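# compute the structure for the input listed below.
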Amino acid sequence: MSGKKVGKKMMTGCTANGLLSINKPKGMSSCEAVELVKNRLNILRAGHAGTLDVEACGLLPIGLGKATKIIQFLHM
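Residues are numbered from 1 along each chain as shown. Have a look, this model is predicted:
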């Protein structure tokens, strides 16, 4: 595996920047949803706009890469 080591993770050539909206299922926290996206897409930076309760399901906007900086401007 080639790439640059960042912290404990190896950074590969995969770069993702942008917004992704997912339908968060009931029983999963917003942070768990972000971690799932990060692991599936093999990216290091992701964050969510707003928080959905664990018992709630619905649309969860997730910022990827450089788009994490604009999350604060999304009003939910």
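
# for Leu64, see how far away Val34 is.
If you measure Val34 against Leu64 using CB to CB, to the nearest Å, the figure is 10 Å. Where C-beta positions appear, they are placed from N, C-alpha and C, glycine not excepted.

# can you tell me the SS state at Ile62?
Under DSSP: H, G, I helix; E, B strand; the rest coil, Ile62 falls in the strand class.

# swap in Leu44?
State at Leu44, reduced to three classes by three-state DSSP: coil.

# one step back: overlap in contacts of Val34 and Leu64?
Common contact partners of Val34 and Leu64 (CB atoms under 8 Å, 6 or more residues apart in numbering): Ala46.

# need the contact list for Pro25.
Cys57.

# for this structure, which segments count as helices?
Chain-ordered helices for the chain, with DSSP state H as the definition, fall at 30-41.

# what about it, any weak spots by pLDDT?
In the predicted model, the chain carries pLDDT under 70 at residues 1-14, 75-76.

# and the gap between the closest residue in space to Ile62 that isn't next to it in sequence and Asn42?
Closest residue to Ile62 apart from its sequence neighbours, by CB to CB, 6 or more residues apart in numbering: Leu20 at 4.7 Å. Using CB to CB, Leu20 is found at 14 Å from Asn42.
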